[in-house]
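Enquirer: give me the fold of what follows.
(one chain, ligands or ions: 2)
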Amino acid sequence: MPARTPLSSGRTRLAPPWGKRWPGPDQVVDANFSPPARTLAPLATLEGRNVSAWFGDRQVLDRVNLTMPAGIITALIGPSGCGKSTFLRILNRMHELVPSASLAGEVLLDGEDIYDPERKLVDARKHIGMVFQKPNPFPAMSIYDNVVAGLTLTGRRASNDEKDLLVESCLTKAGLWKEVQDRLRAPGGGLSGGQQQRLCIARSLAVTPRILLMDEPCSALDPTSTRVIEETMLELAHEVTIVIVTHNMQQAQRVSQNCAFFLAAQGTPGGIVEHGPTDAMFGNPIDSRTADYVNGRFG
Ligand SMILES: Nc1ncnc2c1ncn2[C@@H]1O[C@H](COP(=O)(O)OP(=O)(O)O)[C@@H](O)[C@H]1O
Ligand SMILES: [Mg+2]
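Expert: Ligands and ions are numbered 1, 2, ... in the order given. The predicted structure is shown next:
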């Protein structure tokens with residue numbers, strides 16, 4: 001059972017110069033990349049070590065340490081503005097897309113730092129997929145093409161037969177196949193919000209990610225769609241490690257085995273107050289701030 005770590009208080013702050021900066025935008029898709037055989041990738045562990053983040057001079061995360069174990073759904077909870085989305089974006093190298101942004105620390109995918117200068121940006125994106133709060137399929141593109149879009153973006157080629165198989169398998173895993181199998185050529189934008197979100201999950205799965213990051217994936221959805229997405233997550237956890245940000249405490253309890261509580265005290269960067277098994281975090285939290293948050297006393 002993972003240990004729970006209360007936040008060490010009285011941290012000193014370190015300024016960006018010791019922080020790691022990433023390689024420049026010259027790292028683009030490798031056009032010569034050839035697709036690996038489509039075997040199920042083994043489950044992977046993701047670990048953030050001493051992750052700090054800044055927008056300009058403003059530090060928004062301070063040395064966050066969190067292991068997101070293979071095959072476990074980890075929920076990130078905490079009030080708005082405490083850095084959950086920033087942490088999630090650092091986990092797949094999206095934070096660096098913001099011009100003023102910088103970061104420090106390491107993100108290890110099965111022990112290998114995704115920010116290692118030897119590594120390509122596209123590798124991180126391929127292995128670590130992301131689903132956002134607002135479903136963002138390509139609206140004019142067909143359902144079918146939405147699913148295979150990820151392949152193109154990561155420079156992977158596939159035959160038409162392979163694509164057909166991939167589309168069916170990803171839509172099935174995302175819990176959408178039965179609803180759309182007879183209209184695969186219809187535009188993705190014509191689906192309901194919940195269906196669009198599952199289409200985005202299917203699109204993420206098309207590149208066989210080892211980690212799936214989900215940033216409040218149900219907050220724009222009705223309760224029925226939310227329940228379908230939660231069931232989909234529980235099914236997917238057998239083949240991909242999932243990290244979800246959620247403001248819904250019931251959802252965190254329903255889907256996650258591990259939980260991390262983020263908090264940013266007034267005027268200070270965000271950090272993890274406490275993390276550990278979800279049952280313990282909700283049933284027997286160590287820190288009184290965790291107890292207050294999970295019981296709805298603030299946030
Ligand atoms: N693109 C950005 N530019 C400047 N500040 C940002 C940007 N994105 C987020 N922030 C700030 O970083 C802090 C953490 O934000 P965020 O990670 O979105 O928190 P959460 O997801 O927990 O609500 C907030 O104070 C927010 O205002
Ligand atoms: Mg957020």
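Enquirer: quick check: residues of the stretch 51-200 of the chain near ligand 1?
Expert: Phe55, Val60, Gly78, Ser80, Gly81, Cys82, Gly83, Lys84, Ser85, Thr86, Val98 (CB under 6 Å from any ligand atom). Bear in mind the C-beta positions are built from the backbone N, C-alpha and C, glycine included.
Enquirer: A helix includes Ser169, no?
Expert: Yes: the assignment for Ser169 is a helix, going by DSSP: H, G, I helix; E, B strand; the rest coil.
Enquirer: that one: how many residues sit nearby?
Expert: 16 (other CB atoms under 10 Å).
Enquirer: what do you get for Glu235?
Expert: Neighbour number of Glu235 under other CB under 10 Å is 13.
Enquirer: also Thr290?
Expert: Here the number of neighbours of Thr290 (other CB under 10 Å) works out to 26.
Enquirer: likewise Ala101?
Expert: Ala101: 18 neighbours (other CB under 10 Å).
Enquirer: before we move on, back to that, buried only: go through the residues of the stretch 51-200 of the chain next to ligand 1 for me.
Expert: Val60, Gly78, Cys82, Gly83, Lys84, Ser85, Thr86 (16 or more other CB atoms under 10 Å).
Enquirer: beta-bridge partners for Pro187, please?
Expert: Bridge pairing for Pro187 (DSSP bridges) gives the partners Ser142.
Enquirer: next step: the buried ones among the residues of the stretch 51-200 of the chain next to ligand 1 restricted to helices.
Expert: Lys84, Ser85, Thr86 (DSSP state H).
Enquirer: how close does the second one get to Ala149?
Expert: I take that to be Ser85. 23 Å (CB to CB, to the nearest Å).
Enquirer: all helices of the stretch 1-150 of the chain, in order?
Expert: 84-91, 121-127, 143-153 (DSSP state H, counting those that start in this stretch).
Enquirer: pick the most deeply packed of those helices.
Expert: Each of the helices of the stretch 1-150 of the chain was scored by mean neighbour count; the highest is helix 84-91, a mean of 24, by mean count of other CB atoms under 10 Å.
Enquirer: what about it, average pLDDT?
Expert: Mean per-residue pLDDT for helix 84-91: 98.
Enquirer: contact partners of it?
Expert: Residues from elsewhere that reach helix 84-91, judged by CB atoms under 8 Å, 6 or more residues apart in numbering: 46, 48, 51, 53, 60-61, 64, 66, 76-78, 95, 103, 105, 107, 128, 130, 211, 213, 215, 243, 245, 262, 270.
Enquirer: just the CA trace of that helix, in PDB.
Expert: Written as PDB, here are the backbone C-alpha positions of helix 84-91 (Å, rounded to 0.1, in the frame of the first residue of the first chain):
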ATOM      1  CA  LYS A  84      -3.900  20.400 -11.100                       C
ATOM      2  CA  SER A  85      -4.200  21.200 -14.800                       C
ATOM      3  CA  THR A  86      -0.700  22.600 -14.900                       C
ATOM      4  CA  PHE A  87       0.700  19.400 -13.300                       C
ATOM      5  CA  LEU A  88      -1.300  17.300 -15.700                       C
ATOM      6  CA  ARG A  89       0.000  19.300 -18.700                       C
ATOM      7  CA  ILE A  90       3.600  18.900 -17.400                       C
ATOM      8  CA  LEU A  91       3.000  15.100 -17.400                       C
END
